[in-house]
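Asker: Kindly generate the corresponding structure for this input.
(one chain, ligands or ions: 2)
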Amino acid sequence: MCRNSGWVDVEKEYVGFATLPNQVHRKSVKKGFDFTLMVAGESGLGKSTLVKSLFLTDLYKDRKLLNAEERINQTVEIIKHTVDIEEKGVKLKLTIVDTPGFGDAVNNMQSWKPIADYIDQQFEQYFRDESGLNRKNIQDNRVHCCLYFISPYGHGLRPVDTEFMKALHEKVNIVPVIAKADSLTPIEVKKLKERIRDEIELFGIKIYQFPECDSDEDDDFKQQDKELKESIPFAVIGSNTVVEARGQRVRGRLYPWGIVEVENQSHCDFVKLRNMLIRTHMQDLKDVTWDVHYENFRARCIQEMTRSVLFSTSYSEHSLNRISVNLVCITKM
Ligand SMILES: Nc1nc2c(ncn2[C@@H]2O[C@H](COP(=O)(O)OP(=O)(O)OP(=O)(O)O)[C@@H](O)[C@H]2O)c(=O)[nH]1
Ligand SMILES: [Mg+2]
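Answerer: Ligands and ions are numbered 1, 2, ... in the order given. Modelled structure (predicted):
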């Protein structure tokens, strides 16, 4: 490097790699982000309403409402919606995977199966694409988070909830939510949350764990992080209507006795959930999907492939041995 080049003196203090975060930032913004959110749970708990409220987009314009008869015969059908959202020049390709009708069938104990298969299929597709020739333009459809809706009317988890979560906890980040929290008083919400948390532990269900807060974070952040962890399962309310409350137009539900505001933190945890999904933990949800769930899937695939190769090799060796034994017998005859 030339001493006269003008930037050498500066070089001692500033080589330039401090710009790396900016370079990464620019590149990511240019590329855009993607996030896949799945909603699952019993039918009618407000899944579609909530995702629409979360992302302020009408994902369900073309929805065909099923009549009562169709609902009874309805099997779990998975619908994928993709929307491109842009905010301050940052593009987000958001995919919502809705699982309507879950819990409608007479035997609900296998309702998790098509959902588990769907998640596996996305992993499988990615695994195949990743091992293929054109790895640059892989369409990544892996599910990063599954909001699991729990009924507010029960006394905790139902068998179908535990079955579902246990079948999926090794495949996807499960975030449990108490649906239609406006049907519960604050004390009931508190009790139900405690009960659900206890049952999650009792049944060994591994829901999404928020990462530990760094010790050098400021106190405000630590407090927020603590509150977030204590809010699990988030008690949510969804609404797609705008109502007038305290002189302001807000997203809420109008009842004869008053208004429930979706974005009022003293009414429900909607804002906490949205902040967690969008502002604070989107990248971590993606990282855990990559590093834990996809890695597990990949390891299982490779193990199976190795086993089948070994089996076919030993099988052919075994067959060869048998052939040579037969040949020896024939020649001896
Ligand atoms: N009280 C109350 N009602 C809600 C809430 N969210 C949605 N609803 C209502 O519940 C009904 C069902 O809502 P959906 O969003 O269609 O429920 P879903 O879980 O998507 O139902 P499926 O698609 O059949 O599985 C609608 O009448 C909604 O207006 C809520 O937070 N509180
Ligand atoms: Mg729905």
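
Asker: In the protein, what residue comes closest to ligand 1?
Answerer: Nearest to ligand 1 in the chain, going by C-beta to the nearest ligand atom, is residue 46, at a distance of 2.7 Å. Heads up, the C-betas are built off the backbone N, CA and C, glycines and all.

Asker: Touching, that residue and residue 178? I think so.
Answerer: No. Using C-beta atoms under 8 Å as the test, residue 46 is too far from residue 178 to be in contact (10.7 Å).

Asker: ok, the two, which is more surrounded?
Answerer: Using other C-beta atoms under 10 Å as the criterion, residue 46 and residue 178 rank with residue 178 on top: 26 against 22.

Asker: Quick one: residues contacting the more buried one.
Answerer: Applying C-beta atoms under 8 Å, 6 or more residues apart in numbering, we find residue 178 in contact with 150, 152, 184, 189, 192, 193, 196, 233, 234, 235, 236.

Asker: So which of those residues belong to strands?
Answerer: Using DSSP state E, 150, 234, 235 are the members of the contacts of residue 178 that sit in strands.

Asker: on that earlier part again, which residue comes closest to the residue of the chain closest to ligand 1 once chain neighbours are left out?
Answerer: residue 238 (4.6 Å; C-beta to C-beta, 6 or more residues apart in numbering).

Asker: any idea how far ligand 2 is from the one you found?
Answerer: For residue 238, the distance to ligand 2 equals 11 Å [C-beta to the ion, to the nearest Å].

Asker: can you check residue 254 too?
Answerer: On the measure of C-beta to the ion, residue 254 and ligand 2 end up 22 Å apart.

Asker: surely that residue meets residue 241?
Answerer: Yes. Under the criterion of C-beta under 8 Å, residue 254 makes contact with residue 241 at 7.4 Å.

Asker: Strands along the stretch 201-333 of the chain, start to end?
Answerer: Taking DSSP state E, counting those that start in this stretch as the test, the strands found in the stretch 201-333 of the chain are 234-235, 242-245, 248-255, 258-261.

Asker: which of those has the lowest average pLDDT?
Answerer: Lowest mean pLDDT within these: strand 242-245, a mean of 86.

Asker: helices or strands up against that strand?
Answerer: If contacts are counted by 3 or more C-beta pairs under 8 Å, 6 or more residues apart in numbering; DSSP states H and E, strand 242-245 sits against strand 248-255, strand 258-261.

Asker: What lies in contact with the longest one?
Answerer: Meaning strand 248-255. Residues outside strand 248-255 that contact it (C-beta under 8 Å, 6+ apart) are 53, 182, 237, 239-245, 259-264.

Asker: Can you tell me which of these are buried?
Answerer: Neighbour-count burial (16 or more other C-beta atoms under 10 Å) applied to these gives 53, 182, 237, 239, 243, 245, 259, 260, 261, 262, 264.

Asker: Return the residues in contact with the fifth one.
Answerer: With contacts taken as C-beta under 8 Å, 6+ apart, residue 243 has the following neighbours: 249, 250, 251, 252, 253, 254, 259.

Asker: For residue 19, see how far away residue 277 is.
Answerer: With distances taken as C-beta to C-beta, to the nearest Å, residue 277 is found 30 Å from residue 19.

Asker: These two - which one has more neighbours?
Answerer: Remark: of residue 277 and residue 19, residue 277 carries more neighbours, 20 against 12, as counted by other C-beta under 10 Å.

Asker: got the residues of the stretch 201-333 of the chain near ligand 1?
Answerer: Contact residues, the stretch 201-333 of the chain versus ligand 1 (C-beta under 6 Å from any ligand atom): 237, 238.

Asker: would you list every one of the helices in this protein?
Answerer: 8-11, 20-31, 47-55, 68-73, 112-131, 159-168, 186-202, 219-230, 270-274, 282-288, 295-332 (DSSP state H).

Asker: And the ones you listed: which comes nearest residue 211?
Answerer: Closest approach to residue 211 among the helices of the chain (C-beta to C-beta): helix 282-288, 5.7 Å.

Asker: what comes into contact with that closest one?
Answerer: For helix 282-288, contacts defined as C-beta under 8 Å, 6+ apart pick out 33, 35, 144, 145, 173, 208, 210, 211, 277.

Asker: check contacts around the fourth one.
Answerer: Contacts were defined as C-beta under 8 Å, 6+ apart; by that measure residue 145 touches 35, 36, 37, 38, 172, 173, 175, 208, 277, 285.
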